[in-house]
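[1] What shape does this take:
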Amino acid sequence: VINQPGDMTTARFFEDGELSFPAHVLRHTGSRAAIVFRGENGVRTEISFDELRARVAEAAAGLRAAGVVKGDRVAAFLPNCPEAIIAMLGATSLGAIWSSCSPDFGINGVVDRFGQIRPKVLIAADGYFYNGKRFDSLDAVRGVLDRIDSIQTTVIVPFTGAEFDVNGIRGAMSWDRLLVPGAEPDFRPMPFNHPLYIMYSSGTTGVPKCIVHGAGGSLVQHVKEHMLHCDLGPEDRLFFFTTCGWMMWNWLVSGLIVGATIYLYDGSPFHEDGRVLWRMADEEKLTAFGSGAKFLSAIEKAGVRPGEEFDLSSLKTIFSTGSVLAPESFDFIYEAISADVQVASISGGTDILSCFAGGNPMLPVRRGELQCLALAMDVQIFDDEGMPMVGENGELEHCAAIMHPVLGKPMRGNVGGGKALIPSAKKLGIPGAALDVPLGFKDAAFVRSHFDAMEVRIPDAPRADELVLIVVVTDAGRPLPRIGGLKKEDAKCEDGLR
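    Numbers count the residues shown, from 1 in each chain. The predicted structure follows:
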């Protein structure tokens, strides 16, 4: 299942496994709606599962004709429209890697991101609508092309319906011209760990950092969350207010895997005085509604009481993320939106493209709290000294959980501060050397940085100091290599390891 489980930088799951992420997304068929799009300007379009499958095949054939092959990057500068999902599935079916930004990022924001990944194809819209106004995107596209020379083909989606000029746009073609009518689906299996998405850090400490997510891990996480934590299935109508530049877009798309109809909205969520999304929830009979916590707080301050103006009886879950959902917002939801709904305040991140903690349809909702940790996520909170805490603010950390056949219980691949007693590895039946000197956090970091090692916290050890096991893997019959030029304290640690 996994090799090198103690090192997140080299660990790989199911190395011999293959899958097609788009094939799983498109596993459902029929005339039932797969995607429903609603725009701020009143436009509504609907695409069935069969139609979606056909359009993905046509887009994939067009991208293949444009020279896209396995490992190429396809970038999108698009509103939250069906074409973004179609292009993503078409590109990834060829083994290309998808990355997207919303059209409000501006030239510098796009170049800071796409300039690092050097895409072969850029898919953009002619413009978008926001807060009652139309905004042009093509000048920004020209600016991006001037600064990213790897882009060979630029596909323009006629999103606003207005006439537009493609002069000065390198390799320009229309969306309709990209599609190859009658093309058959070709879902090529890729390695389990093949890159699927490139996401980005916030950019608050410099240029945004690229974060690559594999197909298999993304699939497993999203299926787990949609089926188990969210209790979604083919009878559900799922909406989350997002743009193509937020990880919740990727999360929303995966709702198709469980057969749910997903709803896209592009525009201002405060259109119609903050009522546009609730009108959609009423008219479309949504069963799951998601937004940022700040949106819920804003409509409360604006005096909007959706449950009194719209029929929201179909809603069974309201998701909130992006920031902490305040206890007062729980009160507002139950008083002004629906008294009979599960409030699922979820916490995740772009770094894992999924959730650390989330909803649970089998547990009660408690005011101001997240319901539970996500399944298979070994989440802990640490203080500044690296010690675990409960009931206080600290640093959230996901510690890789590993089942060891000797101990028979999860062993957490993380070490905290303070002193630690290191027992003999041989007593636990683990091949390798053991360190029998007191360790602190810095010592453990030294071992991990120089050797193929894993630090394991042993919970509830019968000592005042925390018990930590340091396992160092060695080649059979060969001594550990010497490391030259060490500081005195590190040399002592190395001697103890021997």
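[2] so where's the protein shaky on pLDDT?
    Counting by pLDDT under 70, the ranges of the chain that qualify are 4-9, 400-498.
[3] which residues does the residue positioned nearest the centre of it contact?
    Note on the chain: the residue nearest the mean C-alpha position is Leu353, at 1.6 Å, using C-alpha atoms, centre = their mean. Neighbouring residues of Leu353 by C-beta atoms under 8 Å, 6 or more residues apart in numbering: Tyr197, Met199, His213, Ser218, Gln221, Met247, Asn250, Trp251. Any C-beta I mention is one placed from the backbone N, CA and C, and that applies to glycine too.
[4] Check Phe114 too.
    Contacts of Phe114 (C-beta under 8 Å, 6+ apart): Ala75, Ser99, Cys101, Leu122, Val144, Ile148.
[5] do you know how far the last one is from Gly106?
    If I follow you right, that is Ile148. Distance from Ile148 to Gly106, counting by C-beta to C-beta, to the nearest Å: 14 Å.
[6] The fourth one now?
    To Gly106, Leu122 is 15 Å away according to C-beta to C-beta.
[7] try Arg64
    31 Å.
[8] Now do the helices in the stretch 301-450 of the chain.
    306-309, 327-332, 441-450 (DSSP state H, counting those that start in this stretch).
[9] Please tell me how far the residue nearest to the centre of the chain sits from Thr154.
    27 Å.
[10] and if you look at Asn80?
    To Thr154, Asn80 is 20 Å away according to C-beta to C-beta.
[11] which one of the contacts of Phe114 is nearest Phe21?
    Ser99 (14.7 Å; C-beta to C-beta).
[12] Help me confirm that that closest one is found in a helix?
    No. Assessed with DSSP: H, G, I helix; E, B strand; the rest coil, Ser99 is strand; it does not lie in a helix.
[13] How is Val212 assigned, secondary-structure-wise?
    Following three-state DSSP, Val212 is assigned to strand.
[14] I'd assumed Tyr197 was in contact with it.
    Yes. Between Val212 and Tyr197 there is a contact at 7.4 Å, judged by C-beta atoms under 8 Å.
[15] Pull up the overlap in contacts between these two.
    Ile97.
[16] the more surrounded of the two?
    Tyr197 (21 against 13; other C-beta atoms under 10 Å).
[17] which element is the more buried one on?
    Using DSSP states H and E, Tyr197 sits within strand 195-200.
[18] List the contacts of that strand.
    Counting by C-beta under 8 Å, 6+ apart, 21, 71, 73, 92, 97-99, 113, 117, 208-215, 218, 247, 250, 350, 353 sit against strand 195-200.
[19] Got a ChimeraX select line for the buried ones in those?
    Those of the contacts of strand 195-200 that count as buried under 16 or more other C-beta atoms under 10 Å are selected in ChimeraX with:
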select :21,73,92,97,98,99,113,117,208,211,213,214,215,218,247,250,350,353
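[20] Pull up the distance across stretch 69-88, start to finish.
    14 Å (C-alpha to C-alpha, to the nearest Å).
[21] Which positions in it come out as buried?
    Buried residues in stretch 69-88, counted by 16+ other C-beta under 10 Å: 72-88.
[22] Kindly report the same for stretch 286-296.
    Quick answer for stretch 286-296 (16+ other C-beta under 10 Å): Leu286, Thr287, Ala288, Phe289, Gly290, Ser291, Gly292, Ala293, Phe295, Leu296.
[23] next one: stretch 375-389
    Applying 16+ other C-beta under 10 Å to stretch 375-389 flags Met377, Asp378, Gln380, Phe382, Gly386, Pro388 as buried.
[24] do stretch 225-233 as well
    For stretch 225-233, the buried set under the neighbour-count rule, 16+ other C-beta under 10 Å, comprises Glu225, His226, Leu228, His229, Cys230, Asp231, Leu232.
[25] Let's verify Asp231: helix, strand, or coil?
    Per three-state DSSP, the local secondary structure of Asp231 is coil.
[26] Would you check that it makes contact with Ala344?
    No. Applying C-beta under 8 Å, one finds Asp231 not in contact with Ala344, separated by 9.9 Å.
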